[in-house]
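*Asks:* Here's my sequence, what's the structure:
(one chain, ligands or ions: 1)
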Amino acid sequence: MLVNSPAGRIETNDYLCSKEPGMTDLGEKKIIIAVDGYSSCGKSTVAKEIAKQLGYIFIDSGAMYRAVTLYCLRAGLVVDGRVNLNGLEEKLDLIHIGFDFNEITRHNDICLNGENVEQEIRQLEVAQSVSQVAAIAVVRRFLVAQQQEMGRSKGIVMDGRDIGTVVFPQAELKIFMTADPRIRAQRRYDEMVAKNEEVDFEEILSNITARDRFDENREESPLRRAEDAILLDNSHMTREEQFSWILAKVEEKVKNS
Ligand code: CDP
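*Replies:* Numbering: from 1, shown residues only. A predicted model of the protein is given here:
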């Protein structure tokens with residue numbers, strides 16, 4: 001599927017949106033679900049599961065900021081931890097973000113100029129620069145326009161930092177997720193160790209807390225809870241509990257809207 005937007009051409013090969021057995025059927029009514037919150041609190045995992053259950057599109061907006069960051073790193077636009085703003089602005093038109101349906105995981109992988117970079121964008125090097133790249137106004141305008149285009153027909157779950165406040169302020173359901181920083185760091189650590197990556201717990205913890213601080217205090221679309229967002233602190237919740245909690249909220253919203 002190709003989508004044309006003011007921000008350029010978004011390539012989206014088969015977003016996961018077909019009905020499969022065992023899915024929750026909420027009838028014809030489709031809503032927008034915005035999931036925002038702090039770094040590494042499992043937003044994408046639960047958002048992905050909810051989208052699958054509903055037959056909705058799932059978009060990890062953080063992956064889009066990570067892909068732009070990867071482009072910057074590869075293009076030598078990050079020097080001594082600082083982003084070359086003019087250089088990036090000049091090259092923005094050369095950055096094409098797409099999604100490719102992964103038959104094995106049944107989710108969309110992110111592509112940068114046609115290359116699947118789903119794994120590479122999760123590396124610590126990208127995590128260390130992404131908040132700076134995401135604080136740049138032109139980058140946000142560039143990606144927000146694409147994200148809004150993806151939600152045009154509703155039936156979408158998008159997770160990030162500004163989804164309920166900037167991208168879809170009209171979203172029918174907004175969830176703001178948080179969890180204790182050490183618990184979040186432990187989860188990210190376990191995830192990386194499971195992928196055989198050599199990581200240091202304290203380094204991960206300091207990256208998470210630094211990104212939280214940066215995201216909350218930046219001028220452009222800072223991370224904050226939308227007034228109408230429902231808070232979900234999942235420090236002591238299992239994945240299944242979070243999933244059921246959100247699904248109940250979705251059913252309630254669809255019934256009452
Ligand atoms: O996976 P994790 O929660 O650590 O982060 P992510 O969702 O992959 O997002 C990476 C970074 O992108 C965040 O720390 C934010 O700086 C930025 N971001 C943003 O500014 N706005 C969004 N809608 C999503 C991510």
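
*Asks:* from here on, contacts and neighbour counts on C-alpha atoms
*Replies:* OK.

*Asks:* Count the neighbours of Asp60 for me.
*Replies:* 21 (other C-alpha atoms under 10 Å).

*Asks:* Ok, Glu220 next?
*Replies:* 16.

*Asks:* what's the answer for Arg161, then?
*Replies:* 26.

*Asks:* which bits of the stretch 51-200 of the chain sit near the ligand?
*Replies:* Residues of the stretch 51-200 of the chain lying close to the ligand by C-alpha under 6 Å from any ligand atom are Ser61, Gly62, Ala63, Tyr65, Val130, Ser131, Ala134, Gly160, Arg161, Asp162, Ile163.

*Asks:* Just give the nearest non-adjacent residue to the first one, would you?
*Replies:* What that stands for is Ser61. Leaving out its chain neighbours, the residue that sits closest to Ser61 by C-alpha to C-alpha, 6 or more residues apart in numbering is Gly160, at 5.4 Å.

*Asks:* list the contacts for the one you found?
*Replies:* Taking C-alpha atoms under 8 Å, 6 or more residues apart in numbering, we find Gly160 in contact with Val35, Asp36, Gly37, Lys43, Asp60, Ser61, Gly62.

*Asks:* Ramachandran angles for it?
*Replies:* Dihedral angles of Gly160 (phi, psi; degrees, to the nearest 10) stand at phi 170, psi -140.

*Asks:* So which residues of the protein form helices?
*Replies:* In the chain, the segments counted as helices under DSSP state H are 43-54, 61-74, 85-91, 124-134, 137-150, 181-194, 201-217, 239-256.

*Asks:* hmm, back to that, top of the residues of the stretch 51-200 of the chain next to the ligand by number of neighbours, please.
*Replies:* Result: Ile163 is most packed of those (other C-alpha under 10 Å), 30 neighbours.

*Asks:* correct me, but that residue touches Ile32?
*Replies:* No: with contact defined as C-alpha atoms under 8 Å, Ile163 does not reach Ile32; the gap is 10.1 Å.

*Asks:* so whatever residue of the stretch 151-257 of the chain ends up closest to the ligand bridges to which residues?
*Replies:* Using C-alpha to the nearest ligand atom, Gly160 is the residue of the stretch 151-257 of the chain that sits closest to the ligand, at 3.6 Å. Gly160 forms beta bridges with Asp36, as assigned by DSSP bridges.

*Asks:* just to revisit the earlier point, could you dump the helices of the chain into TSV and include mean pLDDT?
*Replies:* TSV is the format used below for the helices of the chain (pLDDT from 0 to 100):
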stretch	mean pLDDT
helix 43-54	93
helix 61-74	98
helix 85-91	96
helix 124-134	93
helix 137-150	97
helix 181-194	94
helix 201-217	94
helix 239-256	92
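
*Asks:* now for the ones you listed, which one comes closest to Asp109?
*Replies:* helix 61-74 (9.1 Å; C-alpha to C-alpha).

*Asks:* mind listing what's buried in that closest one?
*Replies:* 61-73 (16 or more other C-alpha atoms under 10 Å).

*Asks:* now, among those, which is nearest to Leu92?
*Replies:* For these, the closest approach to Leu92 (C-alpha to C-alpha) belongs to Val68, at 8.7 Å.
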